[in-house]
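Quick one: sequence plus predicted model below, questions after.
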Amino acid sequence: MTTLSFYQKIAAQRHVTTRSAAQLAGMSMTTASMALQRLSAEGLVTRIKAGSWLVGSAVREPAALVAAVARPYEAYLSGWSALRHHGRIQQFPETHFGVTLGRPAEVKVASVRVWLHHITPTLFTGYDFVPELGGHVASPEKALFDLVYFAAMNRRRHSGRLPETELNGLHWRDIQGWLRRVPAVHLRTLMERNFKALREQHASNPADE
């Protein structure tokens, strides 16, 4: 089988493992591995980690990249990355901000940095699948919640770092619902204080209660 024929067998996938690519092409894993390495040299696939590859343009889809880096655990795009997608900030984040049930990590793939944050299962929510980004993306409310949550976990405040973020029309009841799921009282109190500061800072913008 030619390299082109092999690529045609896997082209419909966003992500493949060496094993799944071998099964799709009907060849041994050793042969599939060599074919994937040739495709990688030609820029048609991107190696994420051992035995894990993004196919075609999927590496340029932020949510697909976050999901691939987090495998075998689930993950979604959040934080500044999701806020940019929703038009809440204008600048393009230099790092893709991901939330996962797996381990936290900071990795670089094809000159793009991915920062994965671990979250408890009760807070792994508030996202939808966005086809054009290749994976799951947090809602504006959850993206903001995650920023404040991880800032509080690290004893940092984001309230003074959102001057260009559009908070108008956010569903604050959603945020309050997630706050009630935060088990640690001191953490929840800090987050409530930070959210209050954010709302006061943007008081001139009427928010959806």
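Perfect, thanks for sending it. Numbers count the residues shown, from 1 in each chain.

Mind splitting this structure into its structural domains?
Using automatic domain parsing, the domain parsing of the chain gives 3-58, 61-201.

Let's have the ones you listed in a markdown table, adding mean pLDDT.
A markdown table is the format used below for those (pLDDT from 0 to 100):
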| stretch | mean pLDDT |
| --- | --- |
| domain 3-58 | 92 |
| domain 61-201 | 89 |
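
any chance of those in CSV, with mean neighbour count too?
The C-beta positions use only the backbone N, C-alpha and C, and glycine is treated the same way. Formatted as CSV, these follow (neighbours: other C-beta atoms under 10 Å):
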stretch, mean neighbour count
domain 3-58, 17
domain 61-201, 18
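
for the host helix or strand of Arg19, packing partners?
Per DSSP states H and E: Arg19 is located in helix 18-25. Applying 3 or more C-beta pairs under 8 Å, 6 or more residues apart in numbering; DSSP states H and E, one finds that helix 18-25 contacts helix 3-10, helix 29-41.

Next up, the contacts around the residue nearest the centre of the chain.
The chain has Leu77 as the residue nearest its centroid, 2.3 Å off, counting by C-alpha atoms, centre = their mean. Contacts for Leu77 (C-beta atoms under 8 Å, 6 or more residues apart in numbering) come out as 62-63, 66, 85, 96-98, 127, 133, 135-138.

now what about stretch 1-10, what contacts it?
16, 21, 24-25, 27, 32, 35, 38-39, 42, 44-45, 55.

What ranges does the chain have for its helices?
Here the chain has its helices, by DSSP state H, at 3-10, 18-25, 29-41, 62-70, 79-85, 140-153, 172-179, 185-201.
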